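**Q** turn this into a model:
(chains A, B and C)
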Amino acid sequence: MSRIKISQGRIVDPANKIDHVGSVYIADGKIVSVLNEPDGFRPDRIIDAYGQIICPGFIDLSTRLREPGQSRKATFASETAAAASAGVTTLCLQPDTVPVIDTPAVAELVKDLAEKAGYAQIYPIAALSQKLEGNELSNMLSLKQAGCIAVGNANQPVKNLLILRRAMEYAASHDLLLMFRPNDYWLGHKGCAHEGAFATRYGLPSIPEAAETIALAQCLELAELTGCRVHFGQLSGKRSVIRIHQAKKYGLDVSADVAMHQLHLTENDIAPFDSAYHVLPPLRTEEDKEYLRQGLAGGTINSICSDHQPHDLDAKLGAFPETEPGMSTLETLLPLMLTLVAQRAITLTQGIAALAEKPAQILRLRSGALTPGFSADVCVFDPELNWQVNQDSWKSQGANTPFWGQTLKGRVTHTLQGGRIIHELVREASHEQ
Amino acid sequence: MVDNLQLNSEGKLKHFLTIEGLNKNLLTEILDTAESFAGMSEQQVKKVPLLRGKTIVNLFFENSTRTRTTFELAATRLSADVLSMNIATSATSKGESLLDTIRNLESMFVDMFVVRHAISGAAHFIAQHTAPHISVINAGDGQHAHPTQAMLDMFTIRQIKQDFSRLRVAIIGDILHSRVARSQILALNTLGAAEVRVIAPKTLLPAHVETLGVTVSHNLNEGLKDIDVIIMLRLQKERMTSALLPSESEYFKCFGLTEDKLKIAKPDAIVMHPGPINRGVEIDSKVADGPQSVILKQVSNGIAVRMAVMSMAMQRQGALS
Amino acid sequence: MTTHNLEIPALLNKLEAELKSVIIERRLENPLIIGIRTGGVWVAERMHQCLGLSEPLGLLDISFYRDDFSQIGVNPNVKPSHLPPTIEGRDIILVDDVFCTGRTIRAALNEIFDYGRPNQVVLAVLIQRDGRQIPLSPDCAGAVIKLNANERIKLTGPEPLAIHVQTIEEALA
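**A** Prediction:
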């Protein structure tokens, strides 16, 4: 289908400052026009978006699809289907696959897997160091040429600051973005919960907020020293927000994101020993959550990522500290964003910007907006549609979500990637409420 | 979740995993029941047929001869069949194999697991995943809980001091790594102790320890004032190597309980220790063996308390079957 | 309510008389009296006096031997049993207040036999009512009565010893 009209929805396109009811016109995989019908436009397909919201497709800065290497947890097929159903049209893959994305061959393999899954826009993040071990630099230039969009450390702390410095200098030389998850090795060693009341009560090995803040502060210093452009991913603490705020004010070229679940859950929400809540960085306090929300609303935190980490059943079956960290989060991304809006933490425009416009800016992609000429990556969602997280609705192979069984509000009805409909919600005839 | 897991629909004990979620009445019931069993040790026949025909498996993923022995003895005195298994943790470092171990034993028609494990939450995990007719007793999980030890300490305190409401209790030592301390704090607060005070250097205290309902002191001389009950905790040798403490001798100087230090507490204060004692590290021999020490009493009370908990957890089973 | 003339002194006298004849009949030597807590102990104390025995009374708490443990669980505050050092070869008079189903006596015998093998055991109860469920029966009783299905006997004591017949509804009220 080459020509599509998405008809009469509320168009929210933060980058172009549009919030208006109208139609979006797509031809040959590109956005042709928004609001104004081009002369003689004869659509092959009309998507009725009445009562729905039309926005740019979401761009996720931190995802794990578990391939290559861990297909027992999830596959490209299962997870790209989950992404499509969640309105996500671009995925950045963390390099901690098996093997690690530290050679062009692995990067190529990722591209192949994406193609096979029929999901075009997957960008691998190259490992900062070989095997993510923090000893030797990876072949960043070759990796960039093989399609890697940035370099990163995934969840692996970089123990040696000299290596980090060199890596940042080298990345800067090739104009590569560093996507950094700050975490001090020694302070966060073997921890599984925030160092706070919850970990104290249940005797869990804990991770202080300082494990994140100290690594962040070090990296900020090196950002200035090396001139490397740094994006801080999956921030979890109050002081991280303060640090980023100061750094931006000071003029450093840095950006930051937060995982959606960190904006909703705290240590108080953790059902004791429920491994679904075992994430890294750990869920912290109400105060941290409040700072993260304010940081997002005020622009200190640029974007929201899913930090999607699907797991097999066995990975989560054990005593809390023994289980693997991570949540399956792609499919709860939109409803949780709408919850933030409903709770007046952010506006709808800010929410969509944090999921589309801002990540595109960080990655320097011509995307994340409904700008004529841009790839037609579009998400259409029904903000009022309630749905239950269950076996029937869930696409990801990882059922590791604390929201299992809950009813969430807001569901994607159509997802277009490069003008191709990659997801269409099959609605029941009676239009469920 | 924790409390629902431990209690059946009638609010009776089903598993005994932690003190958390159990109310004062239930804790008192445990103590009262233990009282009955304590009386039994005066009898010539120290065995009753309460759990005859029941099979209890002691699953010790972490070695502890003392705790295992008291559980074995308690089960034997209730006429249950007891099987003790010491399972090297290396074989079960993964959750899957822990579950496999449980499944295997379940299929041998076990009625109760007594679990000791080095990971916090292991007993909860087993209770959540085991067959519904099986009771799980936590004999210590990681740094989380050791509820039977805490209850035998409460039993000992009640024997001597009767009423909890006016008691000021000091817990001294490695609170950070102590499952015993966590359970004691919860039990003392539930039973209405006037004050629970923890005394330790900051390196041996968990973050926000005051959220557990304790007052904090870093100084033994100040901390022991007005104290009725002194609970010393065992100091593991490995705390020196992980830079939590400079040396045993410096620890003893600051936090070791000597006769002089003991004089700071109330004259009728009692001294407790969950054992095994490191003489000269956390406690002076003169104090450990002195008139105010009730350490050996704790040991003999251990059997009665475990008999109480085991029989209470098993009564529910019959009601369901 | 069924009316019975249940006067404590009369019941005790009758029990004492029956007991004395059983002692002769069965040739009990130096009998040991054991009362079952709580009511049985009160009755046993009276018999102990009447028979003029010097050896102290044995006390039995059968809570840990009950067969309904799995339904009702452990009763906190069970008191320890006090039995003399040797049961082996003794002649025993086991005393309870009310005999109904026989289950209490079963539990008591089990406990006694855990302590040793007595030569013989004689069962004396103040009142034997209907409702037997196992093949045990008292050797002597102060009275043998029938009650309605919803009625119960309750002994209160120790001083004064008194008997109440209540319906279950009254007992629960």
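**Q** now do the same end-to-end measure for stretch C:122-137.
**A** Distance between the boundary residues of stretch C:122-137 (CA to CA, to the nearest Å) amounts to 10 Å.
**Q** same check on stretch A:191-211?
**A** Start-to-end span of stretch A:191-211 (CA to CA) is 10 Å.
**Q** show me how far that stretch is from its chain's centre.
**A** The chain centroid and the centroid of stretch A:191-211 are separated by 25 Å, computed with CA atoms, centre = their mean, to the nearest Å.
**Q** let me see the mean pLDDT of that stretch.
**A** Averaging pLDDT along stretch A:191-211 yields 96.
**Q** repeat for stretch C:160-172
**A** Averaging pLDDT along stretch C:160-172 gives 82.
**Q** hey, C-alpha coordinates of that stretch in CSV?
**A** Taking C-alpha atoms only, stretch C:160-172 is exported to CSV below (Å, rounded to 0.1, in the frame of the first residue of the first chain):
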residue,chain,number,x,y,z
PRO,C,160,-17.1,-26.7,95.8
LEU,C,161,-17.4,-29.5,93.3
ALA,C,162,-20.5,-29.0,91.3
ILE,C,163,-22.2,-30.6,88.2
HIS,C,164,-24.1,-28.7,85.5
VAL,C,165,-26.0,-30.2,82.7
GLN,C,166,-26.2,-27.7,79.8
THR,C,167,-27.4,-27.8,76.3
ILE,C,168,-24.7,-27.1,73.7
GLU,C,169,-26.4,-23.8,73.0
GLU,C,170,-26.2,-22.8,76.6
ALA,C,171,-22.6,-23.9,76.8
LEU,C,172,-21.7,-21.7,73.8
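**Q** buried set for that stretch?
**A** Buried residues in stretch C:160-172, counting neighbours by 16 or more other CB atoms under 10 Å in any protein chain shown, are found at C:Leu161, C:Ile163, C:Val165. For glycine as for every other residue, the C-beta is placed from the backbone atoms N, C-alpha and C.
**Q** just checking, which of those residues belong to strands?
**A** Residues of these located in strands (DSSP state E): C:Ile163, C:Val165.
**Q** and the buried residues of stretch C:160-172 as CSV, adding distance to C:Ala124?
**A** As requested, the buried residues of stretch C:160-172 are exported to CSV (distance: CB to CB, whole Å):
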residue, distance to C:Ala124
C:Leu161, 15
C:Ile163, 16
C:Val165, 21
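**Q** want to throw the buried residues of stretch C:160-172 into JSON lines with distance to chain B?
**A** As requested, the buried residues of stretch C:160-172 are arranged in JSON lines below (distance: CB to the nearest CB, whole Å):
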{"residue": "C:Leu161", "distance to chain B": "26"}
{"residue": "C:Ile163", "distance to chain B": "28"}
{"residue": "C:Val165", "distance to chain B": "30"}
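**Q** look up phi and psi at the residue nearest the centre of chain C.
**A** For chain C, the residue whose C-alpha lies nearest the mean C-alpha position (CA atoms, centre = their mean) is C:Asp96; its distance is 0.8 Å. Listed backbone geometry of C:Asp96 is phi -130, psi 170, with angles given as degrees, to the nearest 10.
**Q** what's near enough to touch the residue nearest to it when sequence neighbours are not counted?
**A** Closest residue to C:Asp96 in three dimensions, ignoring its sequence neighbours and counting by CB to CB, 6 or more residues apart in numbering or on different chains: C:Gly40, at 3.8 Å. The neighbourhood of C:Gly40, defined by CB atoms under 8 Å, 6 or more residues apart in numbering or on different chains, consists of C:Leu60, C:Val95, C:Asp96, C:Asp97, C:Val125.
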